[in-house]
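# Sharing a sequence plus its predicted fold:
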Amino acid sequence: MLVYRTPAEIIGHDGLRIVLVRGVPSPWSQAAKTILEIKGLDYVAAPLDVGTANEEIVAWSGQNSGPVVAWRDGPPLNRWLDILLLAERLAPTPALLPADPLQRALAIGLGHEILGEGGIAWNRRLQMFSMAVKAGAGARMAPLIDKYGFDAGDAEAAGTRIAAILLGLATQLRAQQARGVHYFVGEELSCVDIYWTSIMSMILPLPAAQCPIRESSRPVFTASDPQIVAALDPILIEHRDRIFKAHFHDPMEF
């Protein structure tokens, strides 16, 4: 069970610590948390509250975003790939990056398409900002919009970009399953399966029993763009359900 400590407590901790976005199913936070747990790494956690100053965390990490992960006296890390590589170093098994160089490169590339700049999460966030601006809630979202940036043209193109990535992911998964492998990359569970399961909270969240998001927020986190809906192949939903059941905390903790 997730127990949050204060920022001061984790900053002074001499082991592995993580800052997680509280109150919403942030795909970056959920992926980082799940990776640490799959690897059996003990950690202490502190919350980051969206839209607030989080002054202690910012002073320590330089970031008002989550997740942030740090090990002993190493620097606080906030980029998804840096967090993954740290976890791989601390607990090489089970590996979440394939040993084969080309499959490893594919896993990192697909991870970027899901969580990196220009990827699914990045574009879904643009769509959420666009919804807020059109609904007259832009002022309330201003701190987040200022932090991450918002361009109306990029937001308009977001659905097309997301749909293209979804089609690519479905093609990759079908090719894997055709050869008897039920994971995105390589022969076993990888970071890509974790990232995909996490990002689905910004496309089609699990039911409340598994994803206890505020019901007033659920429509915002559920993609309604026709291009995204059409590109969301049932094989991708089935994969999310299977990976969540096997590897995620149920219900999700945030």
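Structure's in. What do you need?
# Which of the residues in the helix or strand bottoming out on mean pLDDT in the chain are classified as buried?
The helix or strand of the chain with the poorest confidence is helix 142-148; it has a mean of 72 (mean pLDDT, DSSP states H and E). Of the residues in helix 142-148, those scored as buried under the neighbour-count criterion (16 or more other C-beta atoms under 10 Å) are Leu144, Ile145. Any C-beta I mention is one placed from the backbone N, CA and C, and that applies to glycine too.
# For it, C-alpha coordinates in PDB please.
Only the C-alpha atoms of helix 142-148 are listed here, as PDB (Å, rounded to 0.1, in the frame of the first residue of the first chain):
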ATOM      1  CA  ALA A 142      -2.600  28.600 -16.600                       C
ATOM      2  CA  PRO A 143       0.200  27.300 -14.300                       C
ATOM      3  CA  LEU A 144       0.200  24.000 -16.200                       C
ATOM      4  CA  ILE A 145      -0.100  25.600 -19.600                       C
ATOM      5  CA  ASP A 146       2.800  28.000 -18.700                       C
ATOM      6  CA  LYS A 147       4.900  25.100 -17.500                       C
ATOM      7  CA  TYR A 148       4.400  22.700 -20.400                       C
END
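# And that helix, what does it pack against?
Helix 142-148 is packed against helix 120-134, with contacts defined by 3 or more C-beta pairs under 8 Å, 6 or more residues apart in numbering; DSSP states H and E.
# that's a strand at Leu206, yeah?
No: Leu206 sits outside any strand when classified using DSSP: H, G, I helix; E, B strand; the rest coil, being coil.
# Going forward, the N-terminal residue is numbered 15.
Sure, I'll start numbering at 15, so the last one becomes Leu220.
# Lys259 is in contact with that one, correct?
No: contact between Leu220 and Lys259 fails when scored by C-beta atoms under 8 Å: they sit 10.2 Å apart.
# Look at those two and report which has more neighbours.
For Leu220 versus Lys259, the count of surrounding residues by other C-beta atoms under 10 Å is larger for Leu220: 20 against 11.
# That one - nearest residue in space that isn't next to it in sequence?
For Leu220, ignoring the flanking residues on the chain, the nearest one in space by C-beta to C-beta, 6 or more residues apart in numbering is Phe258 at 6.7 Å.
# and the one you found, what is it in contact with?
Thr211, Leu220, Gln224, Asp264 (C-beta atoms under 8 Å, 6 or more residues apart in numbering).
# same thing with Arg86?
Each residue near Arg86 by C-beta under 8 Å, 6+ apart is listed here: Asp28, Gly29, Leu30.
# Buried subset of these as a ChimeraX selection?
Here is the ChimeraX command that picks out the buried ones among the contacts of Arg86, judged by 16+ other C-beta under 10 Å:
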select :30
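# now, which of the contacts of Arg86 sits nearest Gly173?
Gly173 lies nearest to Leu30 out of the contacts of Arg86, by C-beta to C-beta, at 37.9 Å.
# If we ignore the residues flanking it in sequence, what's nearest Lys161?
Here the residue nearest Lys161, using C-beta to C-beta, 6+ apart, is Asn78, at 6.8 Å.
# Spatially nearest residue to Pro219 (excluding sequence neighbours)?
Cys225 (4.7 Å).
# Thought Val38 was touching the one you found, still the case?
No: with contacts defined as C-beta under 8 Å, Cys225 does not count as touching Val38, sitting 10.2 Å away.
# These two - which one has more neighbours?
Between Cys225 and Val38, counting by other C-beta under 10 Å, Cys225 is the more crowded of the two (20 against 17).
# What distance do you get for the more buried one to Asp255?
Cys225 sits 12 Å away from Asp255 when distances are taken as C-beta to C-beta, to the nearest Å.
# Next, check the contacts of Arg86 against the strands and list the overlap.
Within the contacts of Arg86, membership in strands is found for Leu30, as judged by DSSP state E.
# start to end distance for stretch 96-115?
Start-to-end span of stretch 96-115 (C-alpha to C-alpha, to the nearest Å) is 18 Å.
# And for the chain, the residue most distant from the center?
With distances taken as C-alpha atoms, centre = their mean, the residue sitting farthest from the centre of the chain turns out to be Arg193, at 27.8 Å.
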